[in-house]
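> Sequence first, then the predicted structure, then my questions.
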Amino acid sequence: MESLDLTLFGLAIFLFAGWCFNWFLHVLAILYGKWKLHRPTPAVPPEDLPGISVLKPLVGVDPHLFENLESFFTLKYPAFELLFCIQDEMDGALMVVKSLCQKYPNVDAKLFLGGKKVGVNPKINNMSIGYEAAKYDLIMISDSGLKMAPDTLLDMALTLTDKVGLVHQMPYACSRKGIASHLEKVYFGSQHAKMYLCADVFRINCTTGMSCLMRKHVVEEAGGLKEFGHYLAEDYFLGQAFLDRGWRVKISSHTAMQNSGMYSISQHHNRLVRWMKLRTAMLPLTMFLEPVSQCMVMGALVSWAVTYLFDWSPLMFFLGHVLVWFLLDYLQIKVIENKPLPFSKFEYIVCWFLNELSYLALIVQSHIDSTISWRGKRFRLRWGGYVEEMHTKQTV
Ligand SMILES: CCCCCCCC/C=C\CCCCCCCC(=O)N[C@@H](CO)[C@H](O)/C=C/CCCCCCCCCCCCC
Ligand SMILES: O=c1ccn([C@@H]2O[C@H](COP(=O)(O)OP(=O)(O)O[C@H]3OC[C@@H](O)[C@H](O)[C@H]3O)[C@@H](O)[C@H]2O)c(=O)[nH]1
């Protein structure tokens, strides 16, 4: 009996300590975000800036593709080339790129069709020819759904100092109409940003491949881009390859502004489930840490702990916990948005609860099957982050 008491006491202390640490992370993320993000970009003589090859892997057209790609033609940076990679010659994205090339004939832009099969990851396959043709040592991988501010490439290049090998942008989202867009902002501005900013402080690899600038010669030392084609989460492994070679990996002070013209709650959720599956396969520890670091789960566990330790009312404690979390998330989103929020306080309440509650269901869903669907292809995930493509049998 005594050993059971001791175990419960130890567990309660552990949960309470984890809870205190969680508030530390919350406050740290807000303060670090305030300090790190949205810094004015200094003026630098153009001759001091290295050239950059920007790889744009494209699949399909959405209503915002033209404006998103156009934002790359209007970047304020002295020397860059745009390398558009389109895997299917019949893809409508081809017309969009061609019309932009006609509109901006002075921008150095090239088109690569068909890709090259170097591995399983279709994004890597798509980018492979463009990657080989890149004329600068600095390459930037930039997903199709991003809209970039004119000075962001400069900010990223300035963050890439001597010891830094890779600079990535923390994902966030442009303001669009509707609850799906607000939900996306609440997710990327709250729980995702908290972990992302803290990971950057503690130098934990959290590289997200939607927008990252890196030194090509280091990728070559690691075996070239094709080495990362074995994984779907090529971004995490790219970041790790830089860290393993003694380089620093840092975030830019500009967030990655996702602006896909096709967005819905179910698309957002499918993507989060896909990412969770990748994390679980690469870093199995996240399978346990992620659920307990959720507001509601942590609140329930620590309510038990404080009742056991201090005889506090579990219900009052739980409600107080949720309220403080909710308010800190609001402060966090305001820091990341850096201008008036595009939704009302009521919409924030709805989206915050929707995010917190649906995320728990998504965690469960992510463990139900280990296959991944991505842009019409299916993959089977293996421990370690390896993947195999699943081919459906053709019937005649
Ligand atoms: C009491 C608090 C305990 C904190 C434990 C935190 C565990 C949380 C686990 C996972 C959530 C992290 C979300 C980060 C965003 C990752 C987005 C993503 O999945 N992107 C993939 C697709 O692009 C990509 O392939 C994966 C990249 C790397 C994922 C690395 C995850 C580890 C992050 C851990 C951060 C902890 C920071 C606090 C450290 C004390
Ligand atoms: O078959 C494909 C799928 C995707 N892609 C490209 O890959 C990029 C990212 O695709 P999506 O927007 O569908 O996916 P996500 O935003 O979830 O990607 C994220 O998760 C998986 C990681 O491998 C990526 O690096 C990361 O950006 C886009 O530019 C897309 O055009 C391909 O080139 N071919």
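It's in. Residues are numbered from 1 along each chain as shown. Ligands and ions are numbered 1, 2, ... in the order given.
> gap between the closest residue to ligand 2 within the stretch 251-396 of the chain and Asn125?
Closest residue of the stretch 251-396 of the chain to ligand 2, Cβ to the nearest ligand atom: Arg375 (3.9 Å). All C-beta atoms are positioned from the backbone trio N, CA, C, and that covers glycine. Arg375 is 12 Å from Asn125, where distance means Cβ to Cβ, to the nearest Å.
> and the residue of the stretch 251-396 of the chain closest to ligand 2, what are its phi and psi?
phi 50, psi 50 (degrees, to the nearest 10).
> Then Lys110?
Per degrees, to the nearest 10, the backbone of Lys110 is at phi -130, psi 160.
> Flag every buried residue along the longest helix that the chain contains.
Secondary structure of the chain read by DSSP state H shows that its longest helix is helix 2-36. Residues 12, 15-16, 18-19, 22, 25-26, 29-30, 32-33, 36 are the ones in helix 2-36 that count as buried (16 or more other Cβ atoms under 10 Å).
> From the chain's centre, how far out is whatever helix or strand comes next after that helix? Work that out for me.
Later in the chain than helix 2-36, the nearest helix or strand by DSSP states H and E is strand 52-58. Relative to the centre of its chain, strand 52-58 is centred 17 Å away, using Cα atoms, centre = their mean, to the nearest Å.
> what's the answer for stretch 247-258, then?
10 Å.
> Could you tell me the end-to-end distance of that stretch?
One end of stretch 247-258 to the other measures 27 Å (Cα to Cα, to the nearest Å).
> Any part of that stretch near ligand 2?
No: using Cβ under 6 Å from any ligand atom, stretch 247-258 never reaches ligand 2; the gap is at least 7.4 Å.
> any chance you could map the strands in this protein?
52-58, 80-86, 109-113, 138-142, 146-147, 164-168, 171-173, 211-215, 248-251, 256-258, 371-374, 377-381, 387-390 (DSSP state E).
> hang on, the earlier thing: so if I had to pick from Arg375 and Asn125, which one is more boxed in?
Asn125 (21 against 9; other Cβ atoms under 10 Å).
> The closest residue to that one other than its chain neighbours: what's it in contact with?
Nearest residue to Asn125, sequence neighbours excluded (Cβ to Cβ, 6 or more residues apart in numbering): Gly115, at 4.6 Å. Neighbour list for Gly115: 85, 87, 122, 125-129 [criterion: Cβ atoms under 8 Å, 6 or more residues apart in numbering].
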